Every structure is written in C-alpha cells, then in structure tokens.
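Asks: how would this look folded up:
(chains A and B)
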Number of protein chains: 2
Amino acid sequence: MQQWLDEYEERDWQTVDDGTVRYALIGLGWWTKDVAIPAIERSDLGEVSVLVSSSTEKAERIADENGVERGISYDEYHEGAASDAYDAVYIGTPNAYHLEYAETAADLGKAVLCEKPMEATVERAEAMVEACEDADVPLMIAYRMQTEPAVRRARELIEEGFIGEPATVQGHNSQRLLEMIPDEDQWRLDPDVSGYGTSVMDLGIYSINTARYLLGRDPVAVESRMSSLHDAFEDVPDERSSSLLQLEGDVRMVTTTSQNAQTDTQLKLTGTEGQIELDPAFHGDVALRLTKGDLVVDVDHREFDAEREVLELFDYFSDRVLGDAEIGPDGRHGLEDMRIIRAIHESAETGEPVELR
Amino acid sequence: MQQWLDEYEERDWQTVDDGTVRYALIGLGWWTKDVAIPAIERSDLGEVSVLVSSSTEKAERIADENGVERGISYDEYHEGAASDAYDAVYIGTPNAYHLEYAETAADLGKAVLCEKPMEATVERAEAMVEACEDADVPLMIAYRMQTEPAVRRARELIEEGFIGEPATVQGHNSQRLLEMIPDEDQWRLDPDVSGYGTSVMDLGIYSINTARYLLGRDPVAVESRMSSLHDAFEDVPDERSSSLLQLEGDVRMVTTTSQNAQTDTQLKLTGTEGQIELDPAFHGDVALRLTKGDLVVDVDHREFDAEREVLELFDYFSDRVLGDAEIGPDGRHGLEDMRIIRAIHESAETGEPVELR
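Replies: Here you go, the predicted structure:
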C-alpha cells in the first residue's frame, strides 16, 4: 500500500528527461488562456512561444499579457508566419476548424495536439489523420483523462483483475452551458461548427473514451435517445441524451449527458469481483473509489486540478514528440470516438440500434 | 432547516392511531424470517399471528421459535385453516406463486400485501388485480422505497422544484446472488418461477419503481440489451442488463443491473436546477445527497436499516387496512412495472425499441 501511494502520481509514461517543445496555441478561448497557458508555464518539457488568434492585434495583446514571444493571426499562421518559433501546435478552436489548422501544421512539419472531439464529422477527422500520417507528423488527441493518475491507477487495477470480469459501466456528464457561457449563439449550439450535436460531442465523449481506455474494450453496438427542449438548443438534437453501448465481451454500458442541467460527472465500472468509481470524474477534481466486497477505499488528490491535468497532458505529448515512444490517444484512437458519436446520433435519429463492427 | 430535520422521519402518511392488523406471513425465506417478523414485532399497528410454509411441521416449528400463535401448511391455508386468526396476508414466496395465495386471500376476504415484482408475468399480475378488485379486498405491492423517509423527502423536494425540470435519471442495482444464496438451482434462476428473467425483475424494478414514484412520470418507451455469461444463468437472459427508459416529458433514464457483480445500488436524478442522489439507494441504508449549484447536502439515517424500512412498509399497509385512505402502490401501480419489465425483455429479445403508450 505504501509503495502504491508513493507511486500514485508518478509519471509511469515518461521516457524523456530533457528537451523543450515550443508550442503554438491556436484558438484563445477561456480554456487556453486560463488553463493551458498557466499549465505549460509549470512544465519542464514545454513552453508557449506563439499564440494564434483571429487578429494579429488580439494575439499580440494576449501574448503580451502572458509573457509569450509572438502573437499571430490565423491567416498568418496558415502562411507559415513564425514557423521557426514553434515545434508543435495545440488546436483549441471550435470543432469544425480543427482540420484546417492540423493540415497547415502537417504542411509545416509540426507535431499536432488536437482537442477532443477531433472534428465536427467522421470524414473531417479521417482527413486529419491522413494529413498527419502523409506528412509523418505526430498527432495526439487531448484526452487528458488518460494521463490523469487516478485513471491510470484504475486501469492498472482493472488489468490486474481487481473488479473481476467487467459487467456494467455507468457514465454521466452534465453542466449548465448557458450559465458557463451566457450566449445563446455560442458555437457549441451551432451544428455547422460543433458537428453532430452538443452534449454527446462535448460531454458524453468523456464517459465513452475513459471507459474505452480503462477497459481496453470498444463499443460494438449503440442505441440512443436524445432531445432538446430549451429554445437555445433548437438547432442541436441533444440538449440531453441517454445511450446504451455494448462493449466488447458483453459489457453493458449506459451514459447520460446534458448541457442544461446541474453540473455533475461520474464514471462507475462494476465487475463480478469489485467496483471502481470516479466521482467526480472529469473536471480535474477526480476522486477514486475502490470497492471489493464490503471494503471501500477512497483516494483523493488534494493538489490536482484541471491545470495540473493539462500539465500532465502536455508533458506526455512533449515526451512523445521529444522521444520515440508511441502516442496512446493518437488520431486513429480519436477517430473511433468520432465513429461512436456518429452512430449514437444515427441511432437517435432512426430509433434503431447501430452496429459498429 | 430545523423543522425539516425534525420532521424528516415523520410518518406523513399516517391516518390511524390505533387498532391492530393480524398478519399471516406466507413463504418463510430468510427475508420473512430475519427481516419481516422482527420488523412487525416492533409495530403498534400490526402483529404476526400465522406463519404459512410448505409443511405444517416447518410452519409450526418456525412459529414456535418466533412466538407466533399458529403455523400452517400452504394446503391448509388454501383450505381456509386459521382464517379467523388473521386479517391480512403478506406474500413473500417466489414470484410465480404470488397469484394463488392472493386469490385465496381474496376468497377469504383478507387484505393482501404482495412482494414485488407482483408475479411472474403481466397476465398473472392482471389476474391478481382482478381477483382482489372483484372481492373488494385491499391489494398493495411491497415497494418499501415509497415509505422510506429519504425517498419521501426527495419526492417533496422534486415536487417543490428543487431540481428544476428533470433531465436524466441513472439507476444501478447489482449484487452477487450466488454468494448470497449459494445454490445454482435457486428459483431466481428458473424462469418458470421467477418470470421474464432475474436481474431486471429482482433488482431493476427498484430503479424503475423508485424513479416513477419520485418523478410521478411513467416510461413511454424502452430499449434494452442483456446477457448471461455464467453457467448458472443459462436459463435466464439477464445475468446483467442495461436499459434506456424514456419517461413522460422527455426525461432520459438509464438503468443497469447484475445478479453476478459487486453489490452496489444508486439512483441519481439530475435536473436543470439541481440534483438528488440516493447512494446507497435500495438496501435499507439509504443516504440522500442534495446538490444545487456548488452546494452539497448529505443526509444519512444512523438507525435506519432494512428492518426499519419493512416496519414502515407494514405500518403503512396496516394504516390503509384499518382506515380509509388510498393505497399508493396498489395492484394497478405494480402492474405497470410488470408491463415495463416485459417490454424491457421484449426489446432485448428483438433488438428493437418497445413503445409502452
């Protein structure tokens, strides 16, 4: 136990000790400004050298405020401006713009760390994978749960048989989007920019990807129902959603999401011999509960938060860019989530189950 | 708050202060012996006067051990033995035998408290309702969550708008049946006796009925997938199950069950303005969590357990038998759960959604 706790937050993935990846951050929303920039500032393996935004003025102003060398516009980025000043890009724009920035990065030979979901549609996500593979640049999707220590320890325990055979999985992710971003015209409610919908793309993806990662099993069939009641959600089908996912090996998974409900996240995996629960699960404040028989163990980080999770994410990517180790959540891994989400939306539209393989 | 806590465990349903209902308990499994008898012993409104079992000898022996007046066999019960000694029957036998005992009770003019699920099939449950209605005897289904104070307080809060508009519901109920009852030939694994299956009938019914009670909304459509992997479950389809239930008003509900997994129960209702969670939910140790914005309130009983829940259940029924007030979970209410469970099994068999209304 002492050893387990001592090594709990250890970076079991680290292969490189020195070197620096210089990042261009593309898309300066609150997440990039308030979480990603401060996170990378704490890193030994990465630094922010360029900020990319809608106008040179805005990019330069925010660069200046944050002690970053260069600020350039999206157009300048596409033209190759400042390309000597960065080694990798982080794409934190709205979903439907990911591809164009990834394509330019591939053309410029830069490594790509792209926010999830990968893109607005499966086809555009496929184009991103092709562009990066053709140019031979690393592509990683920013699933920060996969470098969250609680999730990695949970995965090891599952691999070692702690829960026995996995039987059921429950995932939930809800938030009050209009309270977080008080704008009814925001991009997450515009299917041209967000893609298939809003709550599964933005929230459900956490339950789906984290379960895939923890169990090493993918969905083989999905069923889903969704609805939008609030006026602001009239263009997207899934203000709220519920889905059944049949994972490989007859594991029965259910998920619920809402972009217009009390904030709450949870992921619970129940097996023949035990249970692992993350509650809260997805917003940087992960608490791990291990149950076996009548014994319950609660493990909580006191100093982990979204910024620390993002530091782990960036350092993992920096490690992979600087060294030779494989990227876990690569483009093809992210593409699978896009196919799952498309199937969930197709099932909700047709009212029929959709087979995935 | 002080008033709310003072009244938390108060019997808001009580209409009668004195009188005694004398019970015949039918079916002497561990639940009846270890929980129901001790519970009724604590009651002011009820007493156990007759025990009914497979043989006169067994019934008399257990009656003797528990200080109960009479012990009779199932056959003697059907012949009307000791019918002057009891006013009501509690049916705690395997599912497929509920109907015959209820019919005899109706013939004898006795009130009926019947365990859930009502019977093995919808048709037999319908016959039970008819028999009791024709004889004009009270029929109640033993949903003890409906007289659990935490559930009643949660229902009031929902009615008062605490969670706003309900959006999603998650229910889970799992246990290790073969560890609780180490017998691979037990009745819960025999579809001739248990009915449509094992885990939805025995465990899923808690999530379904409690959500119906809390929200006052019934399912309008269900989808389900289930599977049995362990040899002992080869005759029943649902060692484990997952279901989507669309409740009235576009509430998205998901449930998971397993009869062969780590014991765990949970029910979580998330609304536009808040959340109510029961965790644990269903085994007598209910804990209530109320969340609104970033405020979390946990309420736990220190002295409530399964026995206390059963005392509340019996006293509620005694109150209704002695007085004139309506029975909440009556036969028609229980029949709706039977129809929902049949639809869940039909959906799992056909792979198609099943509409309920």
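Asks: The stretch 101-250 of chain A: helices as residue ranges?
Replies: Applying DSSP state H, counting those that start in this stretch to the stretch 101-250 of chain A gives helices spanning A:122-135, A:149-159, A:177-180, A:191-194, A:199, A:205-215.
Asks: what about the spatially closest residue to residue A:247 that is not a sequence neighbour, neighbour count?
Replies: In space, residue A:247 comes closest to residue A:217 once its chain neighbours are excluded; the distance is 4.3 Å by Cβ to Cβ, 6 or more residues apart in numbering or on different chains. Heads up, the C-betas are built off the backbone N, CA and C, glycines and all. For residue A:217, the neighbour count with other Cβ atoms under 10 Å in any protein chain shown is 19.
Asks: tell me the contacts of residue A:217?
Replies: By Cβ atoms under 8 Å, 6 or more residues apart in numbering or on different chains, residue A:217 lies in contact with A:166, A:211, A:247, A:248, A:249, A:251.
Asks: before we move on, what about residue A:83?
Replies: Residue A:83 neighbours (Cβ under 8 Å, 6+ apart): A:108, A:110.
Asks: Between the helices of the stretch 101-250 of chain A, which one is closest to chain B.
Replies: helix A:177-180 (9.1 Å; Cβ to the nearest Cβ).
Asks: Please state the offset of the closest one from the chain centre?
Replies: Helix A:177-180 has its C-alpha centroid displaced from the chain centroid by 20 Å (Cα atoms, centre = their mean, to the nearest Å).
Asks: looking at the helices of the stretch 101-250 of chain A, which is closest to residue B:68?
Replies: helix A:149-159 (48.8 Å; Cβ to Cβ).
Asks: Just the residues contacting the closest one, thanks.
Replies: Counting by Cβ under 8 Å, 6+ apart, A:4, A:8-10, A:12-13, A:145-146, A:163, A:166, A:210, A:213-216, A:269, A:271, A:276, A:278, A:286-288, A:290, A:299, A:301, A:304, A:312 sit against helix A:149-159.
Asks: near chain B, which of those show up?
Replies: Among those, proximity to chain B is found for A:163, A:271 (Cβ under 8 Å from any Cβ of the partner chain).
Asks: Next, check the contacts of helix A:149-159 against the strands and list the overlap.
Replies: A:166, A:269, A:271, A:276, A:278, A:287, A:288, A:290, A:299 (DSSP state E).
Asks: before we move on, back to that, got a PyMOL select line for the buried ones in the contacts of helix A:149-159?
Replies: Remark: buried members of the contacts of helix A:149-159, expressed as a PyMOL selection using 16 or more other Cβ atoms under 10 Å in any protein chain shown:
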select buried, chain A and resi 9+145+146+163+166+210+213+214+215+269+271+276+278+286+288+290+299+301+304+312
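Asks: Show me chain A divided up by domain.
Replies: A:12-143, A:145-304+A:328-355 (automatic domain parsing).
Asks: gap between the two ends of the last one?
Replies: Spelled out, it's domain A:145-304+A:328-355. End-to-end distance for domain A:145-304+A:328-355, by Cα to Cα, to the nearest Å: 26 Å.
Asks: what residue of chain A is the furthest out?
Replies: Ranked by distance from the centre of chain A (Cα atoms, centre = their mean), the top residue is residue A:294, with 33.8 Å.
Asks: so what's that one up against?
Replies: No residues are in contact with residue A:294 under the rule Cβ under 8 Å, 6+ apart.
Asks: How much space separates it from residue B:283?
Replies: 12 Å (Cβ to Cβ, to the nearest Å).
Asks: With residue A:344 instead?
Replies: From residue A:344 to residue B:283 the distance is 33 Å (Cβ to Cβ).
Asks: The two: who's more crowded?
Replies: Neighbour totals were compared for residue A:344 and residue B:283, and residue A:344 leads with 31 against 15 (other Cβ under 10 Å).
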